[in-house]
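**Q** following is a predicted model, sequence given first.
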Amino acid sequence: MARDILTLFGIDAPIVLGPFGGLSSIALTASVSRGGGLGSFGLYAYSGDRIRETAAALRDATSRPFALNLWLPTGDEVEPGDADLAAARAATAPLFASAGATPPPLPDVFLPSLDEQLDAVWDAAPAVLSVVFGVPAADVVAEAHRRGIRVVGTATSVAEAVALAAGGVDAIVASGAEAAGHRVSFLRRAEDSLVGALALVPQVVDAVDVPVVAAGGIADRRGVAAAFALGASGVQVGSAFLRTRQSAASDAHRDALRTAADTDTILTRAMSGRLARGIPNRAVRTIEETDAVAPFPAQNWLTGAFRAAARDDADLISLWAGQAAGLSRSDDADEVFAELAAGVPARSR
């Protein structure tokens with residue numbers, strides 16, 4: 001099945017870069033693609049024009065295949081006019097003060113439309129379109145395939161994987177609860193879909209007839225070998241790459257990843273309004289103590305304002321991290337890639 005992944009994506013090694021919404025960089029995406037894997041770039045909140053500019057920059061940096069990643073709307077997103085932010089503003093007031101910033105006025109919209117983003121993705125023509133938080137519509141899959149673009153969905157449960165396979169995706173990322181960042185569940189609450197990769201991956205492999213990419217808890221050659229033993233066709237890795245100098249993470253974030261222990265992460269809605277795994281800091285604790293979290297994406301927009309002003313203050317930024325972050329030993333993306341590639345079984349290369 002790993003050979004299917006290589007042929008499917010046009011790559012040389014079954015290693016996929018996790019798409020970081022807000023922390024993706026041209027340098028890191030291109031590095032993974034040039035190494036023979038599938039570099040990914042997260043497009044959360046990107047306008048159509050910014051997507052086109054990003055794709056052009058990626059093509060300047062590498063001639064190899066790459067993936068662009070979109071968040072699908074789930075239907076429960078709030079609009080600026082419907083968001084009551086009084087309690088959330090009060091809860092975050094001391095954080096804005098510490099960052100030397102003031103809460104901005106509400107924008108006209110929190111997020112660009114999916115149609116705007118998709119139009120730009122079609123123009124960009126990446127090798128792969130990957131999605132989170134749902135099953136892409138049939139017309140989206142059909143249009144991608146018409147343009148020669150592979151479609152990858154992300155599942156946090158067997159039921160989600162089955163739904164994605166029925167929706168016509170070409171491959172599925174089985175994302176275990178160990179993984180950093182947002183839990184991208186869409187059939188049940190994220191809190192009710194916390195399946196570890198060791199349990200999730202083989203059950204997804206047994207349930208679907210498309211290649212499965214394992215994600216969550218993979219940071220070195222041992223994790224890669226384990227994923228293939230579970231039946232995966234490839235691996236997707238986030239935290240180990242996030243701590244490298246090629247990522248868009250701040251120095252404070254990289255330091256936190258470098259020293260993270262297995263029990264140092266938590267699941268929280270404090271920073272974005274959706275459940276995500278990261279290292280708790282003053283911002284997370286302050287917001288959680290008030291229990292005043294606005295719905296997504298209002299909370300993400302609000303905290304994003306003081307996070308941007310704080311820049312490299314580890315107490316005020318989002319420290320997304322997976323449970324295996326401490327296993328990574330390098331701050332260079334090429335070295336991380338080589339370590340991961342060493343775990344790919346010879347028959348799968």
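**A** Received the coordinates, thanks. Residues are numbered from 1 along each chain as shown.

**Q** could you use CA atoms for every contact and neighbour count after this?
**A** Will do.

**Q** residues making contact with stretch 55-66?
**A** For stretch 55-66, contacts defined as C-alpha atoms under 8 Å, 6 or more residues apart in numbering pick out 9-11, 26-27, 29-30, 33-34, 36, 38-41, 124, 126-128.

**Q** quick check on these: which are buried?
**A** 9-11, 26-27, 29-30, 33-34, 36, 38-41, 124, 126-128 (16 or more other C-alpha atoms under 10 Å).

**Q** which residue, neighbours along the chain excluded, lies closest to residue 108?
**A** Sequence neighbours aside, residue 80 is the residue nearest to residue 108 in space, at 6.7 Å (criterion: C-alpha to C-alpha, 6 or more residues apart in numbering).

**Q** and the one you found, how many neighbours?
**A** 16 (other C-alpha atoms under 10 Å).

**Q** quick one: it from residue 299, how far?
**A** From residue 80 across to residue 299, the span is 11 Å (C-alpha to C-alpha, to the nearest Å).

**Q** and for residue 116?
**A** For residue 116, the distance to residue 299 - C-alpha to C-alpha - is 23 Å.

**Q** and these two? which has more neighbours close in?
**A** Legend: neighbour count by other C-alpha under 10 Å for residue 116 and residue 299, higher for residue 299 (23 against 14).

**Q** ok, that one touching residue 293?
**A** Yes: under the criterion of C-alpha atoms under 8 Å, residue 299 lies in contact with residue 293, with a separation of 6.5 Å.

**Q** shared neighbours of the two, anything?
**A** 88, 270, 273.

**Q** dump the residue contacts of residue 309.
**A** 99-101.

**Q** what's the helix or strand for it?
**A** Per DSSP states H and E, residue 309 falls inside helix 298-310.

**Q** what comes up buried for that helix?
**A** 298-307, 309-310.

**Q** likewise stretch 104-123?
**A** 110-111, 114, 117-118, 120-121.

**Q** how about JSON lines for the shared contacts of residue 299 and residue 293, with secondary structure added?
**A** Converted to JSON lines, those look like this (DSSP: H, G, I helix; E, B strand; the rest coil):
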{"residue": "88", "secondary structure": "helix"}
{"residue": "270", "secondary structure": "coil"}
{"residue": "273", "secondary structure": "coil"}
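
**Q** export those as a markdown table, with columns for distance to residue 58.
**A** Converted to a markdown table, the shared contacts of residue 299 and residue 293 look like this (distance: C-alpha to C-alpha, whole Å):
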| residue | distance to residue 58 |
| --- | --- |
| 88 | 37 |
| 270 | 32 |
| 273 | 30 |
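
**Q** pLDDT weak spots in the stretch 51-200 of the chain?
**A** Within the stretch 51-200 of the chain, no stretch falls below the threshold (pLDDT under 70).

**Q** as a check, name the ranges of all strands in this protein.
**A** 15-17, 39-42, 66-71, 128-132, 150-155, 171-175, 181-182, 212-215, 234-237, 266-268, 276-278 (DSSP state E).

**Q** tell me which of these lies nearest to residue 328.
**A** strand 234-237 (10.8 Å; C-alpha to C-alpha).

**Q** neighbouring strands - and their directions - for that closest one?
**A** strand 15-17 (parallel), strand 212-215 (parallel) (DSSP bridges).

**Q** single out the most deeply packed of those strands.
**A** Counting by mean count of other C-alpha atoms under 10 Å, strand 212-215 has the highest mean neighbour count of the strands paired with strand 234-237, with a mean of 32.

**Q** hmm, who's touching that strand?
**A** Strand 212-215 is contacted from outside by 171-176, 179, 197, 201, 204-205, 227, 231-237, using C-alpha under 8 Å, 6+ apart.

**Q** neighbours of residue 287, how many?
**A** Residue 287: 21 neighbours (other C-alpha under 10 Å).

**Q** quick one: it and residue 294 touch, right?
**A** No: applying C-alpha under 8 Å as the test, residue 287 and residue 294 come out as separate, 10.4 Å apart.

**Q** next, count neighbours for residue 45.
**A** 19.

**Q** relative to residue 83, how far out is the residue nearest to it when sequence neighbours are not counted?
**A** Leaving aside its chain neighbours, residue 45 sits nearest to residue 111 (5.3 Å; criterion: C-alpha to C-alpha, 6+ apart). Applying C-alpha to C-alpha, the value for residue 111 to residue 83 is 14 Å.

**Q** which neighbours do the two share?
**A** Counting by C-alpha under 8 Å, 6+ apart, nothing touches both residue 111 and residue 83.

**Q** measure how buried residue 271 is and give me the count.
**A** Counted by other C-alpha under 10 Å, the residues lying close to residue 271 total 27.

**Q** also the one 3 residues further on?
**A** Burial of residue 274, expressed as a neighbour count using other C-alpha under 10 Å, amounts to 21.

**Q** that one is in contact with residue 182, isn't it?
**A** Yes: in terms of C-alpha under 8 Å, residue 274 counts as a neighbour of residue 182; the distance is 7.0 Å.
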